[in-house]
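Enquirer: Need a 3D model of the sequence below.
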Amino acid sequence: MDDVPGRIHFPGNPWPEGHALTEFAWTARVVDGVVWCDLHLRSADYYAERDIELDGDDDEDHDSSWEAPGVWGNYHRCTLSSTFWDDEGGFAVCPVDTFTPAWLDGRTFEVDTIAGGTLADTELDDLAFHVYLLGHDSVANHRIAFHRVGDSDRFDITWSGDIALTYAGDDDLEHRFEARIANVPFPTLPS
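Expert: Predicted structure coming up:
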């Protein structure tokens, strides 16, 4: 599959240069007269651009699994999506008659804002996005910004959020992701 013009970074993980994207989709749907947007991305394998040599019990030399290349290698790549596992995610944007490239340009959306930095009292299935990162983990506190490329129907998207390693039993949103995707076509609404 061709690489997508964009990258995702996980600050503090073994690859500060981030990871290329192999898939990205921005789609839209209408629910009761309101446009909802969905985003889906998949990274290349974590080791795709730079392999990290491991020495024996290398993972024990790190303070956390987040910093251990061997742990990342066990899970291969990231999928972050509102559509991959079900079709109940995504986020409301605006009334259908407002949804134009000019209206969307420069707008930022905050999705699944969680106060207190923990998902302990949150129903994880109700979150707008799900992630496979170091297992089936959880994401919240998304900031999704759309910047139109000139007067075209294409956008640069910046998307960041917080991660809890819930697969390992941790509900604290103590990690981050930051993705930048370039030149994405404005989605066509279904007729």
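
Enquirer: Tell me how many other residues crowd residue 9.
Expert: 17 (other CB atoms under 10 Å). C-beta coordinates here come from the backbone N, C-alpha and C atoms, glycine included.

Enquirer: where do the helices sit along this structure?
Expert: Secondary structure of the chain by DSSP state H: the helices cover 69-75, 101-104.

Enquirer: Between the ones you listed, which one is closest to residue 140.
Expert: helix 69-75 (19.7 Å; CB to CB).

Enquirer: looking at the helices of the chain, which is buried most?
Expert: helix 69-75 (a mean of 18; mean count of other CB atoms under 10 Å).

Enquirer: For that helix, give the mean pLDDT please.
Expert: The average of the pLDDT scores along helix 69-75 is 86.

Enquirer: can you check stretch 109-125 too?
Expert: Here the average pLDDT along stretch 109-125 is 93.

Enquirer: List the buried residues in that stretch.
Expert: Of all the residues in stretch 109-125, those buried under the rule 16 or more other CB atoms under 10 Å are 109, 111-112, 114, 119, 122.

Enquirer: Ok, stretch 155-171 next?
Expert: 155-157, 159-167, 170-171.

Enquirer: ok, now stretch 123-133?
Expert: In stretch 123-133, counting by 16+ other CB under 10 Å, buried: 127-133.

Enquirer: got the contact list for that stretch?
Expert: With CB atoms under 8 Å, 6 or more residues apart in numbering as the contact definition, stretch 123-133 has outside contacts at 10, 39, 75, 78-82, 84-85, 89-91, 111-112, 136-140, 142, 161, 163, 165-166.

Enquirer: Those residues, buried ones only, as a PyMOL selection?
Expert: Buried residues among those (16+ other CB under 10 Å), as a PyMOL selection:
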select buried, resi 10+39+75+78+79+80+81+82+84+89+90+91+111+112+137+138+139+140+142+161+163+165+166
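
Enquirer: Pipe the helices of the chain into CSV and attach distance to residue 6 per row.
Expert: Shown next, in CSV, are these (distance: least, CB to CB, whole Å):
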stretch, distance to residue 6
helix 69-75, 19
helix 101-104, 18
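
Enquirer: Relative to residue 15, tell me which of those helices wins on proximity.
Expert: Using CB to CB, the helices of the chain put helix 69-75 closest to residue 15, at 8.0 Å.
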